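Chemist: got a sequence here, can you build the structure:
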Amino acid sequence: MADPPGALPAAVVVGQTPSLREPRLLDGVIYWLEQRPHEGGRTTLLRRLGPDQPAEELTPGSWNLRSRVHEYGGGSMALGHRSDGRPVAVFSHDGDRCLWLLELDGSDRQPRRLSPPGAYGGGLIDAGRDRWIGVRESGSEEGTGCDQLVAVGLEGGEPQPLVVPADFCGYPALSPSGAWLAWVEWQQPFMPWERSQLWLGHFDAAGQLSGRRLVAGSGVGTNPDVSVFQPLWCGPHLVVANDRSGFWNLEQLDNAEGFDAVSLDAEALSAEALGEEAPLAWRPLLPMQAEFGMPQWVFGMGTQAWDGEQLLATACLQGRWQLGRVELPSQSGDAGQWQPLAIPFDDLAGICAERGRLACIAASATEPAGLLELDLARGNWWHSPAAACPLAPQAISLPQELWFEGHGGARSHAWFYPPAGGAHREAPLLVKSHSGPTAMARTALNLAIQFWTTRGWGVVDVNYGGSTGFGRAYRQRLAGQWGVVDVGDCAAAAQSLVAAGRADPDRIAIEGGSAGGFTTLAALCFTDVFRAGASRYGVADPSALASESHRFEARYLDGLIGPWPEARATYEARSPLAHADQIRCPVIFFQGLDDKVVPPEQTDRMAAALEANAIPVEVHRFPQEGHGFRDGATLIRVLEATEAFFRRHFNL
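Modeler: The predicted structure follows:
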């Protein structure tokens, strides 16, 4: 069947559009990573000398910059200088899982191997000592491995351990003098956005951490449930986003580089004793009901940047992002001021800055994601989208803020996209349940959503309880309630639109991937709102996930459902697989066969259970895909197959 007039073809939506990640500024040049679905999901490094200059690819061919730390990776590339001032990049190549060095000046662009194979990521360049410092993870698949902060010389060699944490670590930040290192640690059963700690260590003459101290986060002060995000040095001061106020707000430790290194004697004090020391005098910079942080699923994220003279940041206020300056207080007892910058973008990520310039990934409801570069002194900005928008502005369905009464009567949030021509009682509705489940429904132009609206569907993208962007209390609604609150909120969002005459109650579908796939399947089991569903690598059996998951998420479900196996009865009560007989509508499944997070067996068992009950089922398997699809051909097939499946069963 041909696409209706004005409808977006799937190939236009996902087949050719690259994803931009981790922009970095170095010596006035902007660098970034580009993941290309039309090249099998390969990620490459590019740079551009100026906003009006063409992009230059630095890792062509088969180079694939990807980290496998904690399975989700991120932070696969670090930029910096050698001790002699030459600019270099160090990256993790997925082809052999080794670290490689690329000289960024001169004509020799052949990368050179630095390390043996391993899972490396989230690193930085220690220029004074000519080495890379970052995370190496071992034993992830066995669930019994460990993280280490290691150093690898820029001439190559075996990784040298610097920090061996109790469990997980990451996000190292080197002070301007190179004498101090800050980093984040967290321990099971908690995830880093639930409870984490900020540590500070001092390097001795040999480049080893001769002492360390717990300086912020859980275990400091009276509140044990604290999360810290992205330590950053602003000159001699240390800044971090800390959610002890209920929101990830920025706090500063004045003159952290001036600490007495002798007081950080880790040989003399146990980690427990270090945590019992008197809390340091952190001062809030911007007490706001806004998030200056996000869940630490991957390395390489950034919501704040220091350009050498001023602090810049991105902040999420009620689901929309702002970019602005942080005017630091003149006196220690005063609060700072938030000064938003005048830009037409409200979806922002990956901020970086250098000497009066700023860059990040930016999008809006009408502009696709692209590189945003700003001259902070003049106020000039340039936006370079990864691909041109294929829709005329008047053909774009704009997100409408939807507040509704969710599970338990709690005020809950979603973005509603009306179908082309406007919402009406006969319009089919697609409910999107995001992944994580800590992610958030954002306002950036999403061509996959426009794919549906241009075909006459309304789409509601739900920020169910547990989502990020609305404070810690909103995130904690899902504590122990996964499969209840998220399901209730998705159903309530759909029902609120039906009650308003904006959707057809007999043509409501739900879709999601990963954790969103679990919410999708649970919603089909435990509500009667939905008439079809689509699950992408979704969790069908949470008890199997709790007992078989990879190391990073091995205890994640303790907080979402309950400790395993003590809470076995709760797992069974929430399991879509255990209640597959309650699903009475068609379901389509998509599964990567190389998925280490949600094993393919979960999808196979769920589909078989539905088929045994004579429920219409389709299963699409992809041998080369893991958890989260990357190849353009896969993405096209998923979108086209989902739309055809829903259209067929809804008689559209």
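Chemist: give me the buried positions along stretch 436-451.
Modeler: By neighbour count on 16 or more other CB atoms under 10 Å, the buried set for stretch 436-451 is 436-451. Every C-beta, even on glycine, is put in place using the N, C-alpha and C of the backbone.
Chemist: so, low pLDDT: which residues of the stretch 301-450 of the chain?
Modeler: Filtered on pLDDT under 70, the stretch 301-450 of the chain yields the residue ranges 331-333.
Chemist: show me where it has helices.
Modeler: Using DSSP state H, counting those that start in this stretch, the helices of the stretch 301-450 of the chain run over 447-453.
Chemist: which parts of the longest helix along the chain are buried?
Modeler: Criterion DSSP state H: the longest helix present in the chain is helix 632-649. Neighbour-count burial for helix 632-649 flags 632, 634-643, 645-646, 649 (criterion: 16+ other CB under 10 Å).
Chemist: tell me the mean pLDDT for that helix?
Modeler: The average pLDDT for helix 632-649 rounds to 96.
Chemist: how distant is it from the center of its chain?
Modeler: Its chain's C-alpha centre and that of helix 632-649 lie 25 Å apart, by CA atoms, centre = their mean, to the nearest Å.
Chemist: nearest residue to Val298 other than its sequence neighbours?
Modeler: Closest residue in space to Val298, ignoring its immediate chain neighbours: Gly74 at 2.8 Å, by CB to CB, 6 or more residues apart in numbering.
Chemist: and Gly123, by the same measure?
Modeler: Gly134 (2.4 Å).
Chemist: isn't that neighbour up against Pro172?
Modeler: Yes. At 6.7 Å, Gly134 and Pro172 qualify as touching, with contact defined as CB atoms under 8 Å.
Chemist: tell me the pLDDT at Val498?
Modeler: 98.
Chemist: residues in contact with it?
Modeler: Residues in contact with Val498 (CB atoms under 8 Å, 6 or more residues apart in numbering) are Leu429, Asp504, Pro505, Ile508.
Chemist: and the host helix or strand of Leu124, which strands flank it?
Modeler: According to DSSP states H and E, Leu124 maps onto strand 119-126. Strand 119-126 pairs in its sheet with strand 131-138 (antiparallel), by DSSP bridges.
Chemist: the partner strand: which residues count as buried?
Modeler: For strand 131-138, by 16+ other CB under 10 Å, it's Arg131, Trp132, Ile133, Gly134, Val135, Arg136, Glu137.
Chemist: picking up where we left off before, using a markdown table, lay out the buried residues of helix 632-649 together with distance to Ser107.
Modeler: Output for these, formatted as a markdown table (distance: CB to CB, whole Å):
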| residue | distance to Ser107 |
| --- | --- |
| Gly632 | 33 |
| Thr634 | 38 |
| Leu635 | 37 |
| Ile636 | 39 |
| Arg637 | 42 |
| Val638 | 43 |
| Leu639 | 43 |
| Glu640 | 45 |
| Ala641 | 47 |
| Thr642 | 48 |
| Glu643 | 49 |
| Phe645 | 53 |
| Phe646 | 54 |
| His649 | 59 |
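Chemist: circling back to that earlier point, any figure for the gap between the residue nearest to Gly123 and Leu181?
Modeler: 11 Å (CB to CB, to the nearest Å).
Chemist: joint contacts of these two?
Modeler: Jointly contacting Gly134 and Leu181 under the rule CB under 8 Å, 6+ apart are Leu149, Pro172.
Chemist: if we can go back for a sec, average pLDDT for the strand holding Leu124?
Modeler: 98.
Chemist: list the contacts of that strand.
Modeler: 67-69, 73-76, 78-81, 88, 90, 92, 97, 99, 131-138, 140, 151, 154, 170-174, 178, 207, 299-300.
Chemist: same question for stretch 571-578.
Modeler: Outside stretch 571-578, the residues that touch it by CB under 8 Å, 6+ apart are 482-484, 518, 521-522, 524-525, 540-543, 546, 557, 561-562, 564, 583, 602, 605-606, 609.
Chemist: now with 6 Å, please.
Modeler: Gly483, Leu521, Ala522, Cys525, Ala540, Asp541, Pro542, Ser543, Ile561, Arg605, Met606 (CB atoms under 6 Å, 6 or more residues apart in numbering).
Chemist: what of stretch 313-333?
Modeler: If you take CB under 6 Å, 6+ apart as the criterion, stretch 313-333 is touched by 285, 290-292, 303-304, 311-312, 335-341, 343, 346-348, 351, 443, 469.
Chemist: what does stretch 464-480 give?
Modeler: Identification of contacts with stretch 464-480 by CB under 6 Å, 6+ apart yields 243, 246-247, 291, 294-295, 316, 319, 437-438, 440, 485-486, 489-490, 559.
Chemist: just the buried residues of those.
Modeler: 243, 247, 291, 294-295, 316, 319, 437-438, 440, 485-486, 489-490, 559.
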